[in-house]
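In: predicted structure and sequence below. I'll ask about it afterward.
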Amino acid sequence: MIYYVASSLDGYISGPEDDVSLFVGEGNGVTQYLNDLQAFDTVIMGRKTYEFGYKFGLEPGQPAYPHMEHYIVSDTLSFENPHEKVHVVSLDLAFIQSLKEGEGAPVYLCGGGELAAWCLEHDLIDTLKVKLNPILLGEGVPLFGTSKKSWKGQLLSTETYDGGLLINTYKM
């Protein structure tokens, strides 16, 4: 499982009220991220992350990434006629482990912070790819939600892009 996520320098994946307006939104780093997404065939995300896509034109029940199978973790979300690639699932360790251990490409952990925290606490994340933006948000949604787990990763690579964006890859 690869947690591939944008973050501010102070560790937030969005600001207050899900504000992402300060994040680098164009350039070769964004192109690299979009290209990297083609390597995934499965995405898992929390309900708030999925619904965040509505602000950008995502229709409820439709896939945010058309080429991927979607697993949205929620106990409250439901759709009348979801796309065949969109599944709402409960937070279940055995199920998520089975997704992770299944055949095919690694699972893309899209977010958000609380789901990432839960995955961190259960040692499900193999790789952390952080699109580190040269911004400070001061508050918002933390990279790993409310987790208090300590971690020391191994930096595998750092790539520099337009607008001061870095993509750092860590082995968990």
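Out: Yep, that arrived. Only a predicted model underlies this, so the values are computations on that prediction, with no experimental measurement involved.
In: tell me the centre residue of the protein?
Out: For the chain, the residue nearest the mean C-alpha position is Cys110 (1.9 Å; Cα atoms, centre = their mean).
In: element containing the closest residue to that residue other than its chain neighbours, please.
Out: In space, and not counting its chain neighbours, Cys110 is closest to Met45: 4.0 Å by Cβ to Cβ, 6 or more residues apart in numbering. All C-beta spots, glycine's among them, are computed from the backbone N, C-alpha and C. Using DSSP states H and E, Met45 sits within strand 42-46.
In: tell me where the chain has helices.
Out: With DSSP state H as the criterion, the chain has helices at 28-37, 47-52, 93-101, 113-121.
In: redo the ones you listed as CSV? Include mean pLDDT and distance to His87.
Out: As requested, these are arranged in CSV below (pLDDT from 0 to 100; distance: least, Cβ to Cβ, whole Å):
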stretch, mean pLDDT, distance to His87
helix 28-37, 97, 19
helix 47-52, 97, 11
helix 93-101, 95, 10
helix 113-121, 97, 15
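In: sweet, I'm off.
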